[in-house]
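Chemist: Build the 3D model from these lines:
(chains A, B, C and D, ligands or ions: 2)
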Number of protein chains: 2
Amino acid sequence: MEQSKIPQATAKRLPLYYRFLNNLNHQGKARVSSKELSEAVKVDSATIRRDFSYFGALGKKGYGYNVEYLLGFFRKTLDQDEVTEVALIGVGNLGTAFLNYNFTKNNNTKIVMAFDSDPSKSEGNVGGVPIYHIAELEDRIGDVKVAILTIPASEADGITTRLVDCGIEGILNFTPARISVPEHIRVHHIDLAVELQALVYFLKHYPLDEGL
Amino acid sequence: MEQSKIPQATAKRLPLYYRFLNNLNHQGKARVSSKELSEAVKVDSATIRRDFSYFGALGKKGYGYNVEYLLGFFRKTLDQDEVTEVALIGVGNLGTAFLNYNFTKNNNTKIVMAFDSDPSKSEGNVGGVPIYHIAELEDRIGDVKVAILTIPASEADGITTRLVDCGIEGILNFTPARISVPEHIRVHHIDLAVELQALVYFLKHYPLDEGL
DNA sequence: CATAAGTCGTGATTAATTTCACAATAGTAT
DNA sequence: ATACTATTGTGAAATTAATCACGACTTATG
Ligand SMILES: NC(=O)c1ccc[n+]([C@@H]2O[C@H](COP(=O)([O-])OP(=O)(O)OC[C@H]3O[C@@H](n4cnc5c(N)ncnc54)[C@H](O)[C@@H]3O)[C@@H](O)[C@H]2O)c1
Ligand SMILES: NC(=O)c1ccc[n+]([C@@H]2O[C@H](COP(=O)([O-])OP(=O)(O)OC[C@H]3O[C@@H](n4cnc5c(N)ncnc54)[C@H](O)[C@@H]3O)[C@@H](O)[C@H]2O)c1
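Modeler: Ligands and ions are numbered 1, 2, ... in the order given. All right, here's what the predicted structure looks like:
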């Protein structure tokens, strides 16, 4: 918990690096250069070296990085050994998709319960995850600290308040609502409609070259 | 297509502003200040003013912005009057969710067709969108320029090549694969597993305050 | 052992984005 | 009219991120 000096932009790329290193390891590759990594994850090689350097000297000059070592290092850094439990609120179109997927592969997160207000949904399970009625939120949530929000936007504020009262620390919000939370709670918004519109805007208004 | 001087960070926020202005307009509000907007969309008010200023002086000092005027301005800027047609590839968990949703509300994008390799899926429709077999991609796609990719990662490269050959210009990629495309094609990656892992990383490693 | 080729780590630089802070000005009240 | 208040638009500063470019070091090769 010491390296709070790591830039946010770097932190966001770590899971990406980790996943690719994992693939390399499974393929039996022993070494990798920042150049190879760069081509695979589409991040400039200097940026990759800089990112890694925040954690110390992980590679060897003239050689590159040892895949197994680097993977082990990131496993520790990203806490891949302890599983973070997650609750999902709203078992509709999106929620069901997430439950079926459940971020299973090389991931340290697991959706362990879901809630819905529709009584016909709030029983049984989807993808092995038990669904409870939203009225049971406070009773069931236990010490789960992360929630995924896939409810209608109009419900977002009310549910957020309840989650905060339950001691939640992080929310991945898929609703278009920009929710308000106390300062110590982290919210990441993923606004799919905005992403699509932004892509269309870039296509129409930016000269046809260069990525992102 | 002139204002290519608009920062990308600004461009990505435009759809968000547009949506909120639309809400205000429906509520019958006539004026709004950057401070109010800021609270609603969780973007610093100075940033909002700066963003707007790239398009000229849209507000009035001491007063704020006229909602209707601003909305009209952004409608034109964001091409809200012409609908961009989109194709979706891969009618699985995620793809089905998107088809059912179809970005209908105040949006200028519409999924008009979908493709899947599974013969049992590639007939009929989901959410009113016709599903075709992926073999028909080249015949059916017509002049659709934007695609959403919700297929397994292993299929991403092959399908991308075919899309590029069909003249696609933008891809919203939900697979974990970092696809390679010619320079003039724009790809936005939305990597849900990475987003979740990044949130967890921030929770564990960053001091408990301030958002994003 | 000497030389060549490859690659890291990083200081310096550049670019992009956000934020501060305030003069200018429109609206409002008296 | 005048004073007061609110709020913009924007230079300047600060912050954050990306990129360049090269010395130092490792490995491979003859
Ligand atoms: N599906 C998409 O492709 C898509 C795209 C962009 C944004 N979104 C956003 O994601 C969210 C979910 O979308 P969706 O398509 O899955 O919607 P949906 O209507 O299919 O699902 C919402 C689910 O939430 C449940 N629900 C409603 N109120 C609740 C409450 N108070 N507590 C618990 N559960 C409650 C409903 O019963 C339903 O099952 C929405 O905010 C939507 O705007 C969805
Ligand atoms: N579902 C999630 O929550 C989730 C989360 C993170 C990432 N993803 C990624 O999104 C993608 C889709 O996920 P999903 O859960 O919807 O998978 P899925 O397996 O449910 O759906 C994939 C669909 O693609 C179809 N398909 C396979 N090969 C095809 C081809 N060559 N052409 C056309 N269609 C083809 C399959 O028939 C299937 O219907 C995957 O890459 C996955 O890694 C999904």
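
Chemist: Parallel or antiparallel, list what pairs with the strand of greatest length in chain A.
Modeler: Determined from DSSP state E, the single longest strand within chain A is strand A:109-116. Note on strand A:109-116: by DSSP bridges, its sheet partners are strand A:84-89 (parallel), strand A:129-133 (parallel).

Chemist: Looking at those strands, spot the one closest to B:Gln80.
Modeler: Within those, the stretch nearest B:Gln80 is strand A:84-89; the backing value is 31.0 Å (CB to CB). C-beta: built from backbone N, CA, C; applies to glycine.

Chemist: Would the closest one count as contacting ligand 2?
Modeler: No: with CB under 6 Å from any ligand atom as the criterion, ligand 2 is not reached by strand A:84-89; the gap is at least 10.4 Å.

Chemist: How about exporting whichever helix or strand comes after that strand as PDB, limited to the C-alpha atoms?
Modeler: Per DSSP states H and E, the first helix or strand lying C-terminal to strand A:84-89 is helix A:93-101. Provided in PDB are the C-alpha atoms of helix A:93-101 (Å, rounded to 0.1, in the frame of the first residue of the first chain):
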ATOM      1  CA  ASN A  93     -29.800  -7.500 -19.700                       C
ATOM      2  CA  LEU A  94     -26.300  -6.400 -18.700                       C
ATOM      3  CA  GLY A  95     -26.400  -7.900 -15.200                       C
ATOM      4  CA  THR A  96     -27.200 -11.300 -16.600                       C
ATOM      5  CA  ALA A  97     -24.400 -11.100 -19.100                       C
ATOM      6  CA  PHE A  98     -21.900 -10.300 -16.300                       C
ATOM      7  CA  LEU A  99     -23.200 -13.100 -14.100                       C
ATOM      8  CA  ASN A 100     -22.800 -15.600 -16.900                       C
ATOM      9  CA  TYR A 101     -19.300 -14.400 -17.600                       C
END
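
Chemist: buried set for helix A:93-101?
Modeler: Across helix A:93-101, burial judged by 16 or more other CB atoms under 10 Å in any protein chain shown covers A:93-99, A:101.

Chemist: likewise stretch A:104-118?
Modeler: For stretch A:104-118, burial by neighbour count (16+ other CB under 10 Å) applies to A:106-109, A:111-117.

Chemist: start to end distance for stretch A:58-65?
Modeler: 7 Å (CA to CA, to the nearest Å).

Chemist: Can you give me the buried ones in it?
Modeler: Buried residues in stretch A:58-65 (16+ other CB under 10 Å): A:59, A:64-65.

Chemist: got a markdown table for those, with distance to B:Ala11, pLDDT and secondary structure too?
Modeler: Formatted as a markdown table, those follow (distance: CB to CB, whole Å; pLDDT from 0 to 100; DSSP: H, G, I helix; E, B strand; the rest coil):
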| residue | distance to B:Ala11 | pLDDT | secondary structure |
| --- | --- | --- | --- |
| A:Gly59 | 36 | 94 | coil |
| A:Gly64 | 37 | 95 | strand |
| A:Tyr65 | 35 | 97 | strand |
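
Chemist: can you tell me the residue of chain A closest to ligand 1?
Modeler: A:Gly92 (1.7 Å; CB to the nearest ligand atom).

Chemist: How many neighbouring residues does that residue have?
Modeler: 16 (other CB atoms under 10 Å in any protein chain shown).

Chemist: Over to A:Glu195?
Modeler: Close neighbours of A:Glu195, defined as other CB under 10 Å, add up to 16.

Chemist: And for A:Pro182?
Modeler: A:Pro182 has 8 neighbouring residues, counting by other CB under 10 Å.

Chemist: Ok, the one 5 residues further on next?
Modeler: The number of residues packed around A:Val187, counting by other CB under 10 Å, is 19.

Chemist: where does it land on pLDDT?
Modeler: pLDDT for A:Val187: 96.

Chemist: picking up where we left off before, out of the buried residues of stretch A:104-118, who's nearest B:Glu183?
Modeler: A:Asn106 (31.2 Å).
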